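**Student:** Sequence first, predicted model second:
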Amino acid sequence: MCDEIRELGFEYIEASHGMSLSMLPGIIEAVEEKRIRVAGVHNFFPAPIEVQGDAPDAYRFTSHRPEVRERAMRLSMETLMAAARLEAKYVVLHMGEVELFRGHDATRTLQRMVRNGYVGTAEYARLKGELVRKRMRWAPIYLRRAQEALHQLAEKAREYNLILGVEGRSHFEQMPGEAEFVDLLEAFADNPHVRYWHDFGHIQRKHNLLLLNHDAYLARLKPYMYGAHVNDVQWPQRDHRAPFMGGDVDFDTLLPKYFTQAMPLTWELSGSVKKEQILAAKQRWDALHATLPQN
(Lines give C-alpha, C1' and ligand atoms only; values in the text may rest on other atoms or scores of the structure.)
Protein backbone atom coordinates (compact mmCIF):
# COMPACT_ATOMS: atom_id res chain seq x y z
CA MET A 1 0.00 0.00 0.00
CA CYS A 2 2.73 2.44 0.96
CA ASP A 3 4.73 1.62 -2.17
CA GLU A 4 1.70 2.27 -4.39
CA ILE A 5 1.11 5.63 -2.71
CA ARG A 6 4.74 6.59 -3.33
CA GLU A 7 4.36 5.62 -7.01
CA LEU A 8 1.44 8.06 -7.25
CA GLY A 9 3.78 10.87 -6.20
CA PHE A 10 3.00 11.18 -2.49
CA GLU A 11 5.73 11.09 0.16
CA TYR A 12 3.47 11.07 3.23
CA ILE A 13 0.42 9.15 4.38
CA GLU A 14 -2.20 9.65 7.07
CA ALA A 15 -2.62 6.45 9.09
CA SER A 16 -6.38 6.29 9.32
CA HIS A 17 -9.23 4.74 11.27
CA GLY A 18 -9.82 2.02 8.68
CA MET A 19 -6.49 0.34 9.44
CA SER A 20 -6.59 -2.75 11.62
CA LEU A 21 -4.14 -3.68 14.36
CA SER A 22 -2.64 -6.32 12.04
CA MET A 23 -1.57 -3.56 9.61
CA LEU A 24 0.40 -1.59 12.21
CA PRO A 25 3.63 -3.66 12.03
CA GLY A 26 3.76 -3.16 8.27
CA ILE A 27 3.31 0.59 8.61
CA ILE A 28 6.05 0.73 11.25
CA GLU A 29 8.35 -1.28 9.00
CA ALA A 30 7.71 1.00 6.02
CA VAL A 31 8.48 4.06 8.16
CA GLU A 32 11.65 2.55 9.59
CA GLU A 33 12.82 1.60 6.08
CA LYS A 34 12.03 5.16 4.95
CA ARG A 35 9.68 3.91 2.22
CA ILE A 36 6.99 6.30 3.51
CA ARG A 37 6.56 9.01 6.13
CA VAL A 38 3.48 9.46 8.32
CA ALA A 39 2.20 13.04 8.37
CA GLY A 40 -0.64 12.33 10.78
CA VAL A 41 -3.05 9.82 12.26
CA HIS A 42 -6.85 9.73 12.29
CA ASN A 43 -8.61 8.59 15.45
CA PHE A 44 -9.18 5.70 16.17
CA PHE A 45 -5.91 4.13 15.00
CA PRO A 46 -5.57 1.24 14.92
CA ALA A 47 -9.26 0.39 14.65
CA PRO A 48 -10.87 -1.15 17.78
CA ILE A 49 -10.59 -4.93 17.54
CA GLU A 50 -14.19 -5.41 18.69
CA VAL A 51 -15.65 -3.27 15.88
CA GLN A 52 -16.28 -4.66 12.41
CA GLY A 53 -15.33 -2.47 9.45
CA ASP A 54 -14.34 1.17 9.35
CA ALA A 55 -16.06 2.86 12.30
CA PRO A 56 -14.43 6.08 13.52
CA ASP A 57 -17.65 7.01 15.37
CA ALA A 58 -18.19 3.69 17.13
CA TYR A 59 -17.45 5.39 20.47
CA ARG A 60 -18.35 9.04 21.02
CA PHE A 61 -17.03 11.58 23.50
CA THR A 62 -20.56 13.02 23.62
CA SER A 63 -22.38 9.81 24.51
CA HIS A 64 -24.90 9.76 27.36
CA ARG A 65 -23.27 6.53 28.55
CA PRO A 66 -20.14 7.04 30.70
CA GLU A 67 -18.68 3.69 29.68
CA VAL A 68 -18.83 4.70 26.00
CA ARG A 69 -17.11 8.01 26.72
CA GLU A 70 -14.47 6.15 28.72
CA ARG A 71 -13.84 3.69 25.87
CA ALA A 72 -13.55 6.58 23.40
CA MET A 73 -10.97 8.22 25.64
CA ARG A 74 -8.94 5.05 26.13
CA LEU A 75 -8.83 4.35 22.38
CA SER A 76 -7.88 7.95 21.68
CA MET A 77 -4.98 7.80 24.11
CA GLU A 78 -3.77 4.67 22.28
CA THR A 79 -4.06 6.59 19.00
CA LEU A 80 -1.87 9.38 20.33
CA MET A 81 0.70 6.82 21.45
CA ALA A 82 0.70 5.21 17.98
CA ALA A 83 1.03 8.64 16.34
CA ALA A 84 4.09 9.44 18.44
CA ARG A 85 5.65 6.08 17.59
CA LEU A 86 5.17 6.79 13.87
CA GLU A 87 6.66 10.28 14.29
CA ALA A 88 3.41 11.89 13.12
CA LYS A 89 2.70 15.58 13.69
CA TYR A 90 -1.08 15.57 14.13
CA VAL A 91 -4.11 13.50 15.11
CA VAL A 92 -7.53 14.15 13.54
CA LEU A 93 -10.49 13.83 15.92
CA HIS A 94 -14.24 13.29 15.58
CA MET A 95 -15.84 14.80 18.67
CA GLY A 96 -19.26 13.09 18.58
CA GLU A 97 -22.79 14.19 17.78
CA VAL A 98 -26.01 15.62 19.15
CA GLU A 99 -27.87 12.45 20.03
CA LEU A 100 -31.41 13.78 20.09
CA PHE A 101 -31.57 12.81 16.42
CA ARG A 102 -32.06 9.17 15.53
CA GLY A 103 -29.04 8.10 13.53
CA HIS A 104 -28.45 10.51 10.67
CA ASP A 105 -32.13 10.85 9.77
CA ALA A 106 -32.04 14.66 9.74
CA THR A 107 -29.22 14.83 7.20
CA ARG A 108 -30.65 12.02 5.10
CA THR A 109 -34.02 13.78 4.98
CA LEU A 110 -32.42 17.02 3.79
CA GLN A 111 -30.33 15.16 1.20
CA ARG A 112 -33.40 13.36 -0.12
CA MET A 113 -35.29 16.65 -0.47
CA VAL A 114 -32.34 18.25 -2.29
CA ARG A 115 -32.09 15.33 -4.73
CA ASN A 116 -35.84 15.62 -5.38
CA GLY A 117 -35.61 19.32 -6.24
CA TYR A 118 -36.88 20.90 -3.01
CA VAL A 119 -33.78 22.97 -2.31
CA GLY A 120 -34.71 26.66 -2.06
CA THR A 121 -38.41 25.96 -1.50
CA ALA A 122 -40.45 27.12 1.48
CA GLU A 123 -40.98 23.50 2.53
CA TYR A 124 -37.24 22.87 2.62
CA ALA A 125 -36.54 26.10 4.51
CA ARG A 126 -39.25 25.29 7.07
CA LEU A 127 -37.84 21.82 7.81
CA LYS A 128 -34.28 23.10 7.96
CA GLY A 129 -35.32 25.84 10.38
CA GLU A 130 -37.05 23.35 12.67
CA LEU A 131 -33.97 21.12 12.74
CA VAL A 132 -31.64 24.04 13.43
CA ARG A 133 -33.77 25.29 16.35
CA LYS A 134 -34.02 21.80 17.82
CA ARG A 135 -30.26 21.30 17.59
CA MET A 136 -29.50 24.68 19.15
CA ARG A 137 -31.61 23.84 22.22
CA TRP A 138 -29.72 20.64 22.97
CA ALA A 139 -26.22 21.27 21.58
CA PRO A 140 -24.71 22.85 24.77
CA ILE A 141 -24.90 19.49 26.61
CA TYR A 142 -22.87 17.74 23.91
CA LEU A 143 -20.50 20.65 23.40
CA ARG A 144 -19.59 20.53 27.09
CA ARG A 145 -18.77 16.82 26.86
CA ALA A 146 -16.66 17.42 23.76
CA GLN A 147 -14.75 20.20 25.55
CA GLU A 148 -14.10 18.00 28.57
CA ALA A 149 -12.71 15.23 26.37
CA LEU A 150 -10.56 17.67 24.43
CA HIS A 151 -9.03 19.05 27.63
CA GLN A 152 -7.91 15.55 28.65
CA LEU A 153 -6.53 14.73 25.21
CA ALA A 154 -4.72 18.06 24.93
CA GLU A 155 -2.66 17.20 28.01
CA LYS A 156 -1.47 13.98 26.40
CA ALA A 157 -0.92 15.74 23.06
CA ARG A 158 1.37 18.20 24.81
CA GLU A 159 3.37 15.29 26.24
CA TYR A 160 3.79 13.77 22.76
CA ASN A 161 4.15 17.14 20.98
CA LEU A 162 1.18 16.46 18.73
CA ILE A 163 -1.48 18.73 17.22
CA LEU A 164 -5.09 17.69 17.78
CA GLY A 165 -7.06 18.59 14.65
CA VAL A 166 -10.79 18.85 15.45
CA GLU A 167 -12.44 17.92 12.18
CA GLY A 168 -15.30 19.71 10.46
CA ARG A 169 -18.02 17.12 9.92
CA SER A 170 -20.38 16.22 7.09
CA HIS A 171 -23.66 15.57 8.91
CA PHE A 172 -25.99 18.05 10.58
CA GLU A 173 -26.21 15.84 13.69
CA GLN A 174 -22.46 15.76 14.27
CA MET A 175 -20.47 17.81 16.77
CA PRO A 176 -19.23 20.46 16.57
CA GLY A 177 -21.41 22.17 14.00
CA GLU A 178 -20.70 25.53 12.42
CA ALA A 179 -22.52 27.30 15.27
CA GLU A 180 -20.34 25.69 17.98
CA PHE A 181 -16.92 25.47 16.33
CA VAL A 182 -15.65 28.95 17.15
CA ASP A 183 -16.78 28.65 20.78
CA LEU A 184 -15.04 25.29 21.12
CA LEU A 185 -11.77 26.44 19.59
CA GLU A 186 -11.81 29.79 21.38
CA ALA A 187 -11.72 27.85 24.66
CA PHE A 188 -8.35 26.46 23.48
CA ALA A 189 -7.05 29.63 21.84
CA ASP A 190 -3.97 29.67 24.08
CA ASN A 191 -3.27 25.96 23.65
CA PRO A 192 -0.98 25.32 20.65
CA HIS A 193 -1.93 21.63 20.58
CA VAL A 194 -5.60 22.14 19.60
CA ARG A 195 -6.51 23.43 16.16
CA TYR A 196 -9.16 23.17 13.43
CA TRP A 197 -8.95 20.45 10.79
CA HIS A 198 -10.90 21.23 7.63
CA ASP A 199 -12.47 18.64 5.34
CA PHE A 200 -13.33 20.08 1.95
CA GLY A 201 -15.78 17.29 1.15
CA HIS A 202 -17.59 17.38 4.48
CA ILE A 203 -18.15 21.12 4.45
CA GLN A 204 -19.13 21.19 0.78
CA ARG A 205 -21.82 18.64 1.55
CA LYS A 206 -23.29 21.02 4.14
CA HIS A 207 -22.91 23.89 1.68
CA ASN A 208 -24.95 21.90 -0.85
CA LEU A 209 -27.71 21.47 1.75
CA LEU A 210 -27.74 25.26 2.42
CA LEU A 211 -26.62 24.66 6.02
CA LEU A 212 -23.64 26.99 5.59
CA ASN A 213 -21.56 28.87 3.04
CA HIS A 214 -18.21 27.15 2.47
CA ASP A 215 -16.27 30.38 1.92
CA ALA A 216 -17.80 32.25 4.88
CA TYR A 217 -17.33 29.22 7.12
CA LEU A 218 -13.60 29.09 6.32
CA ALA A 219 -13.30 32.82 6.95
CA ARG A 220 -14.54 32.33 10.53
CA LEU A 221 -12.22 29.40 11.22
CA LYS A 222 -9.10 30.64 9.45
CA PRO A 223 -7.46 31.85 12.72
CA TYR A 224 -7.59 28.29 14.09
CA MET A 225 -6.64 26.42 10.89
CA TYR A 226 -4.01 23.69 10.92
CA GLY A 227 -4.66 21.47 7.90
CA ALA A 228 -7.26 19.72 5.78
CA HIS A 229 -8.52 16.59 4.11
CA VAL A 230 -8.62 17.15 0.37
CA ASN A 231 -11.53 15.59 -1.51
CA ASP A 232 -14.23 16.77 -3.86
CA VAL A 233 -18.01 16.24 -3.91
CA GLN A 234 -20.30 15.10 -6.68
CA TRP A 235 -23.54 16.94 -5.95
CA PRO A 236 -25.10 16.76 -3.49
CA GLN A 237 -23.24 14.39 -1.11
CA ARG A 238 -20.88 11.93 -2.83
CA ASP A 239 -17.55 12.96 -1.34
CA HIS A 240 -14.02 11.50 -1.35
CA ARG A 241 -13.70 12.26 -5.08
CA ALA A 242 -10.41 13.45 -6.59
CA PRO A 243 -10.20 17.27 -6.82
CA PHE A 244 -10.88 19.00 -10.16
CA MET A 245 -12.65 15.93 -11.57
CA GLY A 246 -16.06 17.56 -12.02
CA GLY A 247 -16.95 18.12 -8.37
CA ASP A 248 -18.46 21.10 -6.55
CA VAL A 249 -15.55 22.33 -4.40
CA ASP A 250 -14.04 25.60 -5.66
CA PHE A 251 -10.41 24.77 -4.87
CA ASP A 252 -9.13 27.53 -7.16
CA THR A 253 -10.76 30.14 -4.87
CA LEU A 254 -10.66 28.52 -1.43
CA LEU A 255 -7.14 27.12 -1.41
CA PRO A 256 -5.21 30.39 -2.04
CA LYS A 257 -7.56 32.32 0.24
CA TYR A 258 -7.25 30.20 3.38
CA PHE A 259 -4.31 27.78 3.12
CA THR A 260 -0.54 27.84 2.92
CA GLN A 261 2.17 25.51 1.63
CA ALA A 262 3.21 24.75 5.21
CA MET A 263 -0.16 23.23 6.13
CA PRO A 264 -0.68 19.45 5.87
CA LEU A 265 -3.23 18.92 3.09
CA THR A 266 -3.96 15.21 3.06
CA TRP A 267 -5.83 13.61 0.17
CA GLU A 268 -8.69 11.43 1.42
CA LEU A 269 -10.09 9.48 -1.51
CA SER A 270 -12.54 6.66 -2.09
CA GLY A 271 -11.15 3.35 -3.30
CA SER A 272 -13.31 3.79 -6.41
CA VAL A 273 -11.21 6.75 -7.63
CA LYS A 274 -9.05 5.57 -10.53
CA LYS A 275 -5.27 5.91 -10.71
CA GLU A 276 -5.53 8.03 -13.87
CA GLN A 277 -7.85 10.48 -12.11
CA ILE A 278 -5.45 10.81 -9.17
CA LEU A 279 -2.46 11.46 -11.44
CA ALA A 280 -4.34 14.07 -13.49
CA ALA A 281 -5.72 15.79 -10.39
CA LYS A 282 -2.33 15.84 -8.70
CA GLN A 283 -0.68 17.55 -11.65
CA ARG A 284 -3.20 20.40 -11.46
CA TRP A 285 -3.05 20.40 -7.65
CA ASP A 286 0.73 20.75 -7.59
CA ALA A 287 0.58 23.75 -9.90
CA LEU A 288 -2.05 25.45 -7.70
CA HIS A 289 -0.27 24.51 -4.48
CA ALA A 290 2.95 26.15 -5.70
CA THR A 291 1.14 29.50 -5.84
CA LEU A 292 0.12 29.43 -2.15
CA PRO A 293 1.94 31.53 0.44
CA GLN A 294 4.66 29.51 2.14
CA ASN A 295 3.51 30.24 5.70
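**Tutor:** Now that the structure is in, tell me what you want to look at. Numbers count the residues shown, from 1 in each chain.
**Student:** Tell me where the stretch 51-200 of the chain has strands.
**Tutor:** Under the criterion DSSP state E, counting those that start in this stretch, strands of the stretch 51-200 of the chain are mapped to 90-93, 163-167, 194-199.
**Student:** Of those, which stretch is the most buried?
**Tutor:** strand 90-93 (a mean of 26; mean count of other CB atoms under 10 Å). The C-beta positions use only the backbone N, C-alpha and C, and glycine is treated the same way.
**Student:** Point out the other helices and strands that that strand packs with.
**Tutor:** strand 37-42, helix 66-85, helix 122-160, strand 163-167, strand 194-199, strand 225-230 (3 or more CB pairs under 8 Å, 6 or more residues apart in numbering; DSSP states H and E).
**Student:** tell me the mean pLDDT over the first one?
**Tutor:** Strand 37-42 shows a mean pLDDT of 97 in the predicted model.
**Student:** Please apply the same query to the longest one.
**Tutor:** The predicted model assigns helix 122-160 a mean pLDDT of 96.
**Student:** ok, and for stretch 71-88, which residues are buried?
**Tutor:** 71-73, 75-76, 79-80, 82-84, 86, 88 (16 or more other CB atoms under 10 Å).
**Student:** Kindly apply the preceding question to stretch 221-229 instead.
**Tutor:** In stretch 221-229, counting by 16+ other CB under 10 Å, buried: 221, 224-229.
**Student:** tell me the secondary structure for Cys279?
**Tutor:** In this structure residue 279 is Leu, not Cys. Three-state call for Leu279 (DSSP: H, G, I helix; E, B strand; the rest coil): helix.
**Student:** Excluding chain neighbours, give the residue nearest to it in space.
**Tutor:** Leu8 (6.8 Å; CB to CB, 6 or more residues apart in numbering).
**Student:** same thing with Lys206?
**Tutor:** Leu212 (5.1 Å).
**Student:** got the contact list for the one you found?
**Tutor:** Listed by CB atoms under 8 Å, 6 or more residues apart in numbering, the contact partners of Leu212 are 178, 203, 206.
**Student:** quick one, phi/psi of the last one?
**Tutor:** Note on Lys206: its backbone torsions stand at phi -70, psi -40 [degrees, to the nearest 10].
**Student:** For it, list the residues it contacts.
**Tutor:** Applying CB under 8 Å, 6+ apart, the residues near Lys206 are 170, 172, 178, 212.
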